[in-house]
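> generate a structure from the sequence data that follows.
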Amino acid sequence: MQGLQAGDENRWQEFCRLYGPVIRGFALKAGLTETEADEVVQETTIAVARHVPEFRYAPKVCRFKTWLLNLALWRVKDQLKKRRRWDERVHRPAGGAPALPGDDTTRTATIELVPDSKPGGLESLWDEEWRSNLLKAALEKVKAQFSAKQFQIFDFIVFKQWSAGEVAESLGASVASVYLAKHRVSAAVRKEMVRLERQMANGVDSLKR
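As a prediction, this is how the structure comes out:
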């Protein structure tokens, strides 16, 4: 954490690379627009910078993942409140200020826009985005370790749900080589996810290493 506390630019870039997509994806799934989600990322990063000196990595007390969720959640709710206040002005009774051209006066602006505002529901959204980003980062890292054909085999079987026979026929490979490529890439992806999970679980503290 020392790097972030000292304002190290490289550490902040690494933080944004790792956590920016998680925060943004969470904000979008919570019902925000892309512009609002971008603001949440920016405001959450500022909040981390402000509060990071107070954070101590202690998984038994409060995991970094939960700490960051709380910071992001407050910013999501702030955006929804701003939207509600704006829409309340737009929907004033006769005599009030008229809606501006281009405004969507049918838009719902309450906190109920969040798919499930109960803590458990929001945590599920956060966990889903956390794992999705983890897989994406692992795939990007692992892709460089294999040939294009090997990674294509993995993609066809795991993500496109093709059978080994279909992949073998399509790529002009033996079924045995298809299974072997799939096994090797899958093992590398799992290993990288474990490494990234450890790094992300340690949160900011891991970035000082």
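> gap between whichever helix or strand residue 17 is part of and the chain center?
Residue 17 belongs to helix 9-29 when assigned by DSSP states H and E. Distance of helix 9-29 from the chain centroid (C-alpha atoms, centre = their mean, to the nearest Å) equals 7 Å.
> contacts for it?
3-4, 34, 36-38, 40-41, 44-45, 48-49, 68-69, 72, 75-76, 79, 115, 125-126, 128-130, 132-133, 136-137, 199-200, 204, 207-208 (C-beta atoms under 8 Å, 6 or more residues apart in numbering). All C-beta atoms are positioned from the backbone trio N, CA, C, and that covers glycine.
> just the buried ones from those residues?
With burial judged by 16 or more other C-beta atoms under 10 Å, the buried subset of the contacts of helix 9-29 is 3-4, 36-38, 40-41, 44-45, 48, 68-69, 72, 75-76, 79, 125-126, 129-130, 133, 137, 199-200, 204, 207.
> give me the residue at the spatial middle of the protein.
Most central in the chain under C-alpha atoms, centre = their mean is residue 22, positioned 1.6 Å from the mean C-alpha point.
> please name the nearest non-neighbouring residue to that residue.
The spatial neighbour of residue 22 that comes closest, neighbours along the chain excluded (C-beta to C-beta, 6 or more residues apart in numbering), is residue 133 at 4.8 Å.
> quick one: that neighbour from residue 181, how far?
Going from residue 133 to residue 181 by C-beta to C-beta, to the nearest Å gives 25 Å.
> returning to what we had before: filter the buried ones among the contacts of helix 9-29 down to just the ones in strands.
Among these, the subset assigned to strands under DSSP state E is empty.
> those residues in helices, which ones?
Within the buried ones among the contacts of helix 9-29, residues falling in helices by DSSP state H are 3-4, 36-38, 40-41, 44-45, 48, 68-69, 72, 75-76, 79, 125-126, 129-130, 133, 137, 199-200.
> mind listing what's buried in the helix holding residue 17?
Along helix 9-29, these residues count as buried under the neighbour rule (16+ other C-beta under 10 Å): 11-12, 14-15, 18-29.
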